[in-house]
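Engineer: pasting the sequence and the predicted model now:
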Amino acid sequence: MLRAGIWPVSPLCSPDVLTFCNWLPVKWRRGKRLLRALLARRGFSAEFLYPRRRENFAHVMEHAMIHNGLPLMRSMRRGSILADQGSLDLDRLDRRGTHRRHRGSTKPSCLS
C-alpha cells in the first residue's frame, strides 16, 4: 500500500472515538489495557497482545517528510501566515530539512 501512495488510517482515529477514549480512566488507557482486554476476549493470543518487538514507523515518516514534506513546504512558502506572523522561520526550517536530507537518511525497505 505504501508503494502505491496509500496510507492506511485506523478507524479509531475518529475525533469522537478519541474524545471518548480521553474520558476513560487513566488506568484503563495506560498500556492499552482496555484494548488488550477486548482483544483477549476475542481470542487473540498473548504473543499478539504483547509482542516482543514493537512496530515503529519512524523511518517511514522520516522518509516521507524529507522526500515529500520538504518539497511541499517549499511550495507553500509564499503566503504562510505562521511565517508572516514570525511564528515560523522558514529559512531555518528549510536549512534543517536540507541538512536531514543530506545527512544520509536511508530509504525504508518497505518503500524500495
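Structural biologist: Done, it's in. Numbering: from 1, shown residues only.
Engineer: can you spell out the domain ranges of this protein, please?
Structural biologist: As given by automatic domain parsing, the domain ranges for the chain are 11-49, 58-111.
Engineer: find the residue at the geometric middle of this protein.
Structural biologist: residue 61 (6.2 Å; CA atoms, centre = their mean).
Engineer: secondary structure element holding that residue?
Structural biologist: Taking DSSP states H and E as the definition, residue 61 sits inside helix 58-64.
Engineer: what about residue 48, neighbour count?
Structural biologist: Neighbourhood size, residue 48 [other CB atoms under 10 Å]: 11. (C-beta placed from N, C-alpha, C; glycine too.)
Engineer: just checking, it touches residue 42?
Structural biologist: No. With contacts counted by CB atoms under 8 Å, residue 48 stays clear of residue 42, the gap being 10.4 Å.
Engineer: now do the helices in this structure.
Structural biologist: Here the chain has its helices, by DSSP state H, at 15-23, 26-29, 33-41, 46-49, 58-64, 70-75, 81-84, 90-102.
Engineer: point out the most buried one among these.
Structural biologist: helix 58-64 (a mean of 14; mean count of other CB atoms under 10 Å).
Engineer: elements contacting it?
Structural biologist: Applying 3 or more CB pairs under 8 Å, 6 or more residues apart in numbering; DSSP states H and E, we find helix 58-64 packed against no helix or strand.
Engineer: distance from that helix to the middle of the chain?
Structural biologist: 8 Å (CA atoms, centre = their mean, to the nearest Å).
Engineer: report the backbone C-alpha coordinates of that helix in PDB.
Structural biologist: Extracted in PDB, the C-alpha atoms of helix 58-64 (Å, rounded to 0.1, in the frame of the first residue of the first chain):
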ATOM      1  CA  ALA A  58       9.500   6.400  12.400                       C
ATOM      2  CA  HIS A  59      11.700   5.500   9.400                       C
ATOM      3  CA  VAL A  60       8.700   5.700   7.100                       C
ATOM      4  CA  MET A  61       7.700   9.100   8.500                       C
ATOM      5  CA  GLU A  62      11.200  10.400   8.200                       C
ATOM      6  CA  HIS A  63      11.400   9.300   4.600                       C
ATOM      7  CA  ALA A  64       8.000  10.800   3.800                       C
END
